[in-house]
Every structure is written in structure tokens, then in C-alpha cells.
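S.K.: Just need the structure, nothing else, for what follows:
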Amino acid sequence: MTRPISEKINCPGCGHKQKTTIWTSVNADLNPELRDQILDWSFFNSTCEKCGETRNLIYPFLYHDMRHKFMIRVVLVENEDEFGSELDKLSDEQQSAVETFSREFPDATRDFQKYRHRAVIGPQELVEKIFIFENGFNDYAIEMLKHTMFLAIGKKGGADSIAKMLFDCSSGQPRLVAFMDDGELGTIDFNQKLYDDFVNLLGDYSADQSGRLQVINQAWADEFVSSLS
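M.R.: Predicted coordinates:
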């Protein structure tokens, strides 16, 4: 269910306080227009009614896609070290959301065993997961593919200049986008064969049976590879 609330927010520019709609949860099936706004980032825009400045308003919320069977909890932390300490609390909140959904949509409850439950840091990672799951990809294999690309670029001496790498499918074709330290963007061709190899290697992770939030990101891939050595 999509749940908006109204809160008073101070404009960081002029200090004006005004009522702003905050979404504690977004259901992409019931409100597809919000899903579109998240993908084009207009969802996060907030315009001050006094000074007219538009800025990003980023806050935690739950994203739910019933058709593609996934839930994503958006988390805001200062650094990834704080991320792990939030997981138990977030998992309890996620379980509460699942129970609420089960009461409101009892016929769909049996499908929860097929759901992917994820926690991400901020809007960029949310948009990435939406692209991954809507297009039928496996995020475990995607992270391993990105890890491999980092290693390949590192052999050429360029990995240190990459701040982050994200999966993108906004053009209809899968690709990897590299965010450089200097603010520039670079694109990397999607290696379908290597991705398929990782899917076969990792097995079928398209459904998480535990119902607990999973954090599948670059840090997960690094730890997974370290565990193999």
C-alpha cells in the first residue's frame, strides 16, 4: 500500500517552513506514476513555495513491486559501516510491512516466498535494483559482474578513479555506468556471457526464502570473493 504523510520541512536555502508530502511506502502497482517519478528522480524534488528553489529531499521509505515480487527498503546512513547495525531493526519493520500487506491482500500472501527483500543506501541504489528486477536480472550475478569489471579495469590502472559502478537499463539495453571521482560518467558494455556464467555459478538466488532483508551490493561481492580464497 502507498502511504503518504504530511510533514513540515525547513527550506535549506531560506529557512521557510512548509508542509511537504513524505511517502513512507510506495506501491509501484497501485501508483505507477510514483515509480516513474522515482526513475526520473522527480519523486525526490521539493520546491520551496517562498524562494522557489528546488532541491532533492531524500528520506527512508519502502518500495514495493507486487508484479515483479520484490520489496526494497531505502536507508539513509552516513557511511556503510552504519548500514549493518540498522539491518535487524529494518528487518523487523519489513516483517511488519509484510504482515500488513498480507492482511490487505490475502490472496497474494502465498507469493511472498518468491519475493526478493533488499535494503539499499539512497535513491541511486534503489533505481538500480528496480532496473535489475523489472528486467529479470539476478542482482547477485550483477554484483559479481561489476566486481569482475573493477578487477579488469584495475589491471589497466583505472580502477582507483571509479567511485561507484551501477547497473542501468534506462535505454532498454543493459549496461554498467561508472561514476568517476571527478564527477564524470563512463559506460561499460554489458557482458551477457560473463553474467550468465555467474548466474550458473551462484545458483538461483531469484527468491530469498528467509524473508529477511538482504544487502546485495559491492561490499557483498567483495566479501563473497574473499570467502572463496
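S.K.: what about stretch 35-43, start to end distance?
M.R.: End-to-end distance for stretch 35-43: 8 Å, by Cα to Cα, to the nearest Å.
S.K.: So what touches that stretch?
M.R.: Residues external to stretch 35-43 that are found in contact with it (Cβ atoms under 8 Å, 6 or more residues apart in numbering): 23, 26, 28, 34, 44, 56, 63, 65, 123, 126-127, 130, 170. All C-beta spots, glycine's among them, are computed from the backbone N, C-alpha and C.
S.K.: Give the buried residues for that stretch.
M.R.: If you call a residue buried by 16 or more other Cβ atoms under 10 Å, then stretch 35-43 has these buried ones: 35, 37, 38, 39, 43.
S.K.: For this protein, which segments count as strands?
M.R.: Secondary structure of the chain by DSSP state E: the strands cover 3-10, 17-27, 45-47, 54-56, 61-65, 70-75, 116-121, 162-168, 175-180, 185-189.
S.K.: between the ones you listed, which one is nearest to residue 135?
M.R.: Closest approach to residue 135 among the strands of the chain (Cβ to Cβ): strand 162-168, 9.1 Å.
S.K.: buried residues in stretch 118-125?
M.R.: Result for stretch 118-125 [16+ other Cβ under 10 Å]: buried residues 118, 119, 120, 121, 123, 125.
S.K.: Can you lay out the residues you listed as TSV showing pLDDT and distance to residue 150?
M.R.: As requested, these are exported to TSV (pLDDT from 0 to 100; distance: Cβ to Cβ, whole Å):
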residue	pLDDT	distance to residue 150
118	92	21
119	92	22
120	93	19
121	90	18
123	94	22
125	95	17
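S.K.: List the residues that contact residue 61.
M.R.: Taking Cβ under 8 Å, 6+ apart, we find residue 61 in contact with 22, 23, 24, 25, 26, 74.
S.K.: can you redo those as TSV with pLDDT and neighbour count?
M.R.: Listed next are these as TSV, based on pLDDT from 0 to 100; neighbours: other Cβ atoms under 10 Å:
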residue	pLDDT	neighbour count
22	93	16
23	94	19
24	92	14
25	93	17
26	96	24
74	93	21
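S.K.: quick one: which of the buried residues of stretch 35-43 is nearest residue 142?
M.R.: Nearest to residue 142 out of the buried residues of stretch 35-43 is residue 39 (Cβ to Cβ; 17.4 Å).
S.K.: quick one: the helices in this structure?
M.R.: In the chain, the helices defined using DSSP state H lie at 32-39, 83-104, 122-134, 139-155, 192-202, 218-228.
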